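Participant: Compute the structure for the input listed below.
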Amino acid sequence: MDDLHLKQNSDDMGWEYGVLCDPKNPDKVKCKLCGKEMSGGVFRMKEHIGHQRGSVSPCPLSTKEDQAKCMSALKEAKHKKTRKRRHDEELRLEVNINKPYLDNVLQEELGTQTAPHFQGRPMDKFVNYINPEASLAAQTR
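Facilitator: Next up is the predicted model:
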């Protein structure tokens, strides 16, 4: 089968070194250099070529240049993930929920009603406060 049919629709550099074993299973890849089949997708292929120990055996036929290229790609992916996590954390820190402001908004929306007072029982998070006076007024109309 043609190599074009045995790779993901991805521009990941790991596809230079591997092909899909089965087009229906994107997790199973085969090394173009040594023929080793492995699970874990193109990420695992880059570990194999880059001699990243722990998850897969190193490729005996990869050159120092291939190894450096794959290790660089793995490090960049790790740094990208770390930068995204830090950005998300910083973004969350910027969000300031001002409780008195929320209480004022609730007061405006509910009119003279006060926000329900929760005692912390498990059912409290599933029920809403019912104003008996509002219910009686609706019945008399």
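
Participant: Next, the contact list for residue 44, please.
Facilitator: If a contact means C-beta atoms under 8 Å, 6 or more residues apart in numbering, then residue 44 has 29, 38, 55, 56 as its contacts. C-beta here means a position set from N, CA and C on the backbone, and glycine is covered the same way.

Participant: Can you tell me which of these has the lowest confidence score?
Facilitator: Taking the contacts of residue 44 together, the minimum pLDDT is found at residue 55 (86).

Participant: In contact with that residue, which residues?
Facilitator: By C-beta under 8 Å, 6+ apart, the contact set of residue 55 is 40, 44, 47.

Participant: what's the spacing between the second one and residue 26?
Facilitator: Taking C-beta to C-beta, to the nearest Å as the measure, residue 44 and residue 26 are separated by 12 Å.

Participant: Low-confidence ranges, the protein, go.
Facilitator: Within the chain, the segments meeting pLDDT under 70 span 1-9, 96-127, 129, 134-141.

Participant: which one of the contacts of residue 44 sits closest to residue 90?
Facilitator: Set against residue 90, the nearest of those by C-beta to C-beta is residue 55 (31.1 Å).

Participant: quick one: secondary structure of that closest one?
Facilitator: Under the three-state scheme (DSSP: H, G, I helix; E, B strand; the rest coil), residue 55 adopts coil.

Participant: Could you find the closest non-adjacent residue to residue 17?
Facilitator: Counting by C-beta to C-beta, 6 or more residues apart in numbering, the nearest residue to residue 17 once its immediate chain neighbours are dropped is residue 49, at 4.9 Å.
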